[in-house]
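S.K.: next input, structure requested:
(2 chains)
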Amino acid sequence: MSSNRKRLPVGGRISREVPLDFTFDGRKLIGYRGDTLASALLANGVTLVGRSFKYHRPRGIFSAGPEEPNALVTLGIAGRREPNLPATTLELANSMDVESQNRWPSLAFDVQSVNGLLAPFLSAGFYYKTFMGPTRRAWMFYEHFIRKAAGLGRAGTGPDPDRYEVRHAFADVAIVGGGPAGLSAARAAAAAGARVALIEQDFLLGGQLLAEPSDSAAAAWLRQAEAELKGFETVVLMKRTTAFGSYDGNVIGLVEQRDPTGPKPNGEARQTVTMLRARSIVFATGAIERPMVFSNNDRPGVLLASAARTYLNRFAVLPGKKIIVATTNDGAWRTAFDYAAAGAEVTVADLRAVPPAALAAEAARLGVMIRAGTRIVDLHGGHAVRHVTLNGPEGQSSAACDLVCVSGGWSPTVHLTSHLGVKPVYRDDIGGFVPGAFPAGRLGAGAMIGAYATADAIEDGHRAGIDAAASGGKSAPVPAPAKLDLGDTATTLLREAPSVGHGKAFVDFQMDVTTRDIELAHREGYESVEHLKRYTTLGMGTDQGKTSNFPALAAMAALRNATIPETGVTTFRPPYTPVAIGALAGRAIGHHFKPIRRTPMHDWHMANGAEMLEVGLWMRPYFYRQSGHDVNEAYVAEMRNVRQAAGLMDISTLGKIDVQGPDAAIFLDRVYANGFAKLAVGRARYGVMLRDDGIVFDDGTTTRLAENRFFMTTSTAKAADVLSRLEFLLDTAWPDLRVAVTSVSDEWAAMSVAGPNSRAILNAAFPALDVSDAALSHMGLLESGWGGRALRILRLSYSGERAYEVYTGATAGEQLWSRLLEAGRPFDLKPYGVEALGALRVEKSHVAGPEIDGRTTLDDLGLGRMAGKRSGFVGDVLRRRPALRAPNRQRLVGLECIEDGKRLRGGAILFLPDEKPYGHGRGRITSVTFSPERGHYVGLALLAGDVAAEGSEVVAVYPMKAETVRARIVSPVFLDPQGERLHG
Amino acid sequence: MASLTSSRDFSLSVADCPLIQIEGWDGTLRQFEKSVSASLGTKLPASVGETVRHKGLLIIRIAPRRLWLVLDEGTQAPALSVDPDLGCSVPLGEGRVRLKMAGPDIARLLSGCITVDWHAPAAAPGRAVQTSFHHVSVLFLRTGEAACELIVPRSFARSLSDWIADG
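M.R.: Residues are numbered from 1 along each chain as shown, chains lettered A, B, ... in the order given. As a prediction, this is how the structure comes out:
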C-alpha cells in the first residue's frame, strides 16, 4: 500500500474519512472520495502514467480536465474494459482496476521507446513518403505491421454486462458549464421562471472555482450558489455530464456517467446519453490553458499551471517542492503564490520583461523568486523532471526542480458553438478565439467569450441567464447575484514563440507532433490549417487537440509571417469528448436492436414448428420443421405439396394501402405504368410503378372495391416507401386530386391458399360462399363475412397454381388461419414458408426484390408490354432514354443447370463459354431454386441482351465457393406457360 | 385489456383500439367538418394535437384534414356517413393497439421511449402528439396527470411494450 506521501494533511475537497482502494498496473494504492484518478496517482507519487502515441515517450499527468493529452488509461476488465480514458476525468471509486497503455513489456521499460531514436524517419507525412513502394502491393505488406504498432489502448472483446440508456429531455434554458458564469446564469434563468438544466462534466460544480482554497471566499460563494439552485424545483443539476455535441434545433447531446462511488447499481445505466432540447442555450464552457513549447516539454512533471493549482487546493496534493512556474501572463502567478504558501520553493520565469508590480510585491512577500524576461528552452529528466535550462537577460542558466508549471495563456472553449456553425473570431486583446455572432436562442457567458475575471464571468452569466429565460417568455424579476472578486484579471498579453533546445518540442502531445513537424509541413507547402492538421495528424487524438490547436496555429503563423486570423482556425466537430458506442446504442441492442413486426398468426407459427426468418422488420416463417430436417429438404417438400395438393401461407406482411376519393382512379393511372381507370369494380390487376428516372420501383396488385375506392398491395419490403411516395406525389405533384391514401397493412390478416385443392378448401371453410370459377374467376374479388367479421377473398396467384388471398381483420387472423387448416385437412393443406414461396415464384418467373433491384426497367424484366403506348405516368419520360434500350442491356432470362450433380447459385456471374472468367461478366443470376417439376436447378438471371438467345449456353461462376457450372438459356417461365393451372 | 407490468410506480397494459379515420378534401374542408360535427353532435378539435371527448368517443385531429375517432371499450361506433364529395373514412381499429401507462414514474420511463416533453402544454392532459418510438410512428395521448396512452401499430405492439416493460 502506498502512503499518499504527496498528500497534505489538511485542506482540499476530499473526504479523508472515506478511503478508496484502487490498482494501477496491478499496484494497490489508496485515494479518497473526492479524488480523480489523476489526483490519487499524484498523491501517491506516481508521475509516469502513460506512453506517447508514436515515440512511446514517458508521459505523466498534464492537466486536470478533459483536455488531458497524456494520461490516458484503460479502465476495467473483461467486457467492462474501456480504453483511452483521461485519468483527469475519472472519478475515483473503490476497487477501480486501471492499466497504463501503449507499452510493452512494462510502463517503465517500453521496448517501442526505441522509436524516439528513429524520429528522423518518423516525421510528418512519413506514411505517405515511405510506404508507397517498391510495388503497388507494398502497402498491403506494411499495413499489418503499422496497424499492430498503432493505436493506444485496446477495448475488451467480451460482451459488456453493463446497461446503457438513451433518453430525451427538455428545458427552457440549458446551461453548459457549472463554473461561475454557468452557475450565475442558471440562478438568473431559474429566478426568471425558466425550467433550467445545468450541465457540468465534473462531479462537483464550480469549474475554476474548485481551484480556489476550500476555505476561501470563492468556496463560500460556491456553496451559496449551489444551495440556491437546489432550492429551485425547476432546476435540474446534471453533474458528471458532458455536452459532447450541439445540433440544429437547439439539441445538445449529453453523456452522463453513473456515480461510481454510489451504492451498487440496481438496473441503473452506467452511462446515459441524453438528447436535450432547449428553447435557449447558454454556453458557459470556460477556457482551456495553453501549454508552452520548449524542448522536452512533454516529460512527466510538467503541469498546466491552473491544473497544478487545482491539485493543490482541490485535492490537497503537493506534487513537487521545488517548482518552476513558466508563464506569459498573470494567472500562473496565483499558482506560484499558493505553492509558496504551501511550503514549496518557487521560481517564476515570466516571459514578460516587466511583470506587474503588484505581482512582484506579493512574490517578494511569499519568497517567490522572479526571473523576468525568461523562458525555458530545455527540460532534463526521463520519468520525472530534474532541472530546466532557462534563457533570460542574464543568459542561459540551469535550475533544479521537481515540478514545472506552464501557462501560455488561455483558449476559450468554443467547440460546442463551432458545432453549430458559429465561426470563431480572433480577439487580439485576449489573444484567443471567441465565438462569432450567435444565432437567436444561443448565448455565451464567461471565459468562453473572453470574460476571464471571475467577477466579470458572474455578471456575464447573470445577464445571459436573464436573456435566455426572456427568449422563452420567462421574465420574472431577478435579484442581483452575490459578488465575488478574486482579483483575477483578463490576461494573455503575450503570444509565446517556441523556444527549442536539443530535444523535441511538442505542440500536440497526444499525436506526438513537434515544432519540426510543423516546420516540415510549412516547407512542403501544407500551410493551410486544414492541410497542416491532416499532414501532421495534429489535433486528431482523442483529446481533439484541445491544448494543441492554438500553439500550432501560432507556430504556423510565425513561419508564414502572418497574423493568427490570417492563418486560420480549425473546424471543431462533435464529439467534444469521446463517447462510448455502447452509450450511443443505449438499450437498442440484442432483441431491442430494432423493433420486430409480428403477424397476427405469429404465435401459431412459433407453436407449430416454424423456423422464423427476419424479412425487413417482419418475422416470417422460413420453413416448417415438420416439412424436412433442413431448409433445403423442407422447401422442396412444401412446394411439392402446393403443386400437388394445397399450401397455406401467411402473407400478412404485404403492404396494404387504402386508396379513396373521387380522383382515385386518375391517381392510380398516373402512378402505375399500366392503366387502372378502366378496371371494373370487383376486379384486381397486377401493376408496376416506376421511379421518376424510369427504373422499376415496385409491383403489386390493386383491386377496385368500389367506384372511388381501391385496395393496393405492395411488396413487403417496399410498403413504407410506396406509401411515402404516394403521399409525396399527392402533396407536391397533384394537390388538386381528391384522394386519400392510408396504410392498412396492420389492419388485415392475410393468407394465401394455393394449389389444386384450394377451391375445395374454401368451399369447406365457407360453405355458404360461391367460389366457383363463374363467381370468382382469376383476378376476381369476393367480399363477405364470417362469424361477424369482414372477409375479403381475392383470386390471385403468385405460385402459378389456382390460389386465393384471404383477408380478415387482424384480431381474427389466427382464428381464420386455424379454420382454413381445419377445413383443409382432408385436402392435404399444409403451411409453407417464404423459402418455398420464393421457389414457387421462380418457377413461374414472377419477379421480386432480386430482380427489381433499383437498376432494371420494364423492358429489362420483360414487362414492357404493360405500359404499351401509354404516357403521362410517373417515369414515362425517362424510361425512353436511349441508353435504357441498348441491345446489350441486361434482360431477364431463365437458366437451367445442365451439369449433373451441380447447382446454380444466386449472385453467380455469367460468362460466355469461351470467355476468361474475369471482371463483371455478361450478367448475373438473381434467383435460384431446385425445381421438383424439372428435376434440376433453375434460375432467373439478368443477361446482356446481345448474348441472351434461348438455347445458348453460359458459364456461371461463383467465386465465393470457387464453383463453375454450365447452364442453358431458356424461357424464364419454367412452368405452365399457358397459365392453365391458375385458371383451372 | 391485458396487464403487462404493474408496480407501485408504474403500470402498463395493452388493449384493442376501436378507431375510425376520417379525412376531408382540400377546398371543401369546412363543409366536411360541419357535416361530421352535425353527425357526431359535437364540435371538432380545431388544431392538430387537440382532442374532444364526447359520449365514449375521443376525437383527435391528427393532421390538418384528418381526424381519428377513437372509441372507448364497449362503445358503439357512431353512425357516420361521409359524403364522398367531401371526404372519406376508413376503419383502423383492427390494426392499432393502445398501450396504457400510468404511475408517478411515467415521465422518466417515457423519456427513454419518445421525444415528447411531458411538461409542455402540447402534451398536457387531453392533448395528442404524433411522434416516433424506436423508429415506429405512434400517437401519444395524454390521458391524465400521471397517465397516457400510446396508440401503436398492432404488428409492432409486442416489441414496443417489451421495450417499455424493460425500461
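S.K.: would you map out the domains in the chain?
M.R.: In the absence of a named chain, this looks at chain A. Using automatic domain parsing, the domain parsing of chain A gives A:15-121, A:164-287+A:412-471, A:291-408, A:503-575, A:602-653+A:747-832, A:655-743, A:884-983.
S.K.: wrong one, chain B
M.R.: As given by automatic domain parsing, the domain ranges for chain B are B:2-15+B:95-166, B:18-91.
S.K.: next, format the ones you listed as TSV and append distance to chain A and mean neighbour count.
M.R.: Using the backbone N, CA and C atoms, a C-beta is placed for each residue, glycine as well. Formatted as TSV, the entries for the domains of chain B read as follows, by distance: least, Cβ to the nearest Cβ, whole Å; neighbours: other Cβ atoms under 10 Å in any protein chain shown:
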stretch	distance to chain A	mean neighbour count
domain B:2-15+B:95-166	3	18
domain B:18-91	4	17
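S.K.: where does the chain dip in pLDDT?
M.R.: Reading this off chain A. Applying pLDDT under 70 to chain A flags residues A:1-2, A:490-496.
S.K.: wait, chain B was what I had in mind.
M.R.: B:1.
S.K.: can you give me the helices in it?
M.R.: Across chain B, reading from the start of the chain, the helices by DSSP state H fall at B:29-40, B:106-111, B:154-166.
S.K.: now do the phi/psi pair for the closest residue to A:Y672 other than its chain neighbours.
M.R.: Nearest residue to A:Y672, sequence neighbours excluded (Cβ to Cβ, 6 or more residues apart in numbering or on different chains): A:G687, at 4.1 Å. Reported as degrees, to the nearest 10, the phi and psi values for A:G687 are phi -130, psi 150.
S.K.: what's opposite A:G687 in the beta bridge?
M.R.: According to DSSP bridges, the residues that bridge with A:G687 are A:G700.
S.K.: can you pull the contacts of it?
M.R.: Listed by Cβ atoms under 8 Å, 6 or more residues apart in numbering or on different chains, the contact set of A:G687 reads A:L668, A:Y672, A:A673, A:N674, A:F676, A:D699, A:G700, A:T701, A:T702.
S.K.: the top strand by length along chain B pairs with which strands, and in what direction?
M.R.: Longest strand in chain B, counting residues (DSSP state E): strand B:136-144. Looking at strand B:136-144 with DSSP bridges, its partner strands are strand B:128-133 (antiparallel), strand B:147-153 (antiparallel).
S.K.: tabulate those strands (TSV), appending distance to A:N708.
M.R.: Shown next, in TSV, are those (distance: least, Cβ to Cβ, whole Å):
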stretch	distance to A:N708
strand B:128-133	27
strand B:147-153	26
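S.K.: buried residues, stretch A:904-912. List them.
M.R.: Neighbour-count burial for stretch A:904-912, counted by 16 or more other Cβ atoms under 10 Å in any protein chain shown, picks out A:L904, A:R905, A:G906, A:A908, A:I909, A:L910, A:F911.
S.K.: so the first one makes contact with A:V965?
M.R.: This means A:L904. Yes. Under the contact definition of Cβ atoms under 8 Å, A:L904 touches A:V965, with a separation of 6.5 Å.
S.K.: which neighbours do those two share?
M.R.: By the contact definition Cβ under 8 Å, 6+ apart, A:L904 and A:V965 are jointly contacted by A:C897, A:A956.
S.K.: wait, is A:V636 part of a strand?
M.R.: No. Assignment of A:V636 by DSSP: H, G, I helix; E, B strand; the rest coil gives helix, placing it outside any strand.
S.K.: what distance do you get for it to A:Y937?
M.R.: A:V636 sits 11 Å away from A:Y937, taking Cβ to Cβ, to the nearest Å as the criterion.
S.K.: just to revisit the earlier point, ok, which of the helices of chain B comes nearest A:L654?
M.R.: Evaluated over the helices of chain B, closeness to A:L654 peaks at helix B:154-166, with 12.0 Å, by Cβ to Cβ.
S.K.: the closest one vs strand B:147-153, what angle?
M.R.: Here helix B:154-166 runs at an angle of 140 degrees relative to strand B:147-153 (axes from the mean of the first three to the mean of the last three Cα atoms, to 10 degrees).
S.K.: still on that earlier bit, nearest to chain B, of the buried residues of stretch A:904-912?
M.R.: The shortest separation between chain B and any of the buried residues of stretch A:904-912 is 28.2 Å, and it belongs to A:G906 (by Cβ to the nearest Cβ).
S.K.: wait, the closest one touches A:Y937, no?
M.R.: No. Under the criterion of Cβ under 8 Å, A:G906 lies out of contact with A:Y937, with a separation of 10.7 Å.
S.K.: now the common contact residues for those two.
M.R.: Counting by Cβ under 8 Å, 6+ apart, the residues touching both A:G906 and A:Y937 are A:V928.
S.K.: show me what contacts A:C401?
M.R.: If you count contacts by Cβ under 8 Å, 6+ apart, then A:C401 has A:G320, A:K322, A:I323, A:I324, A:T347, A:V385, A:R386, A:H387, A:V388 around it.
S.K.: what do you get if the cut-off is 7 Å, keeping everything else the same?
M.R.: With contact taken as Cβ atoms under 7 Å, 6 or more residues apart in numbering or on different chains, A:C401 is in contact with A:K322, A:I323, A:I324, A:V385, A:H387, A:V388.
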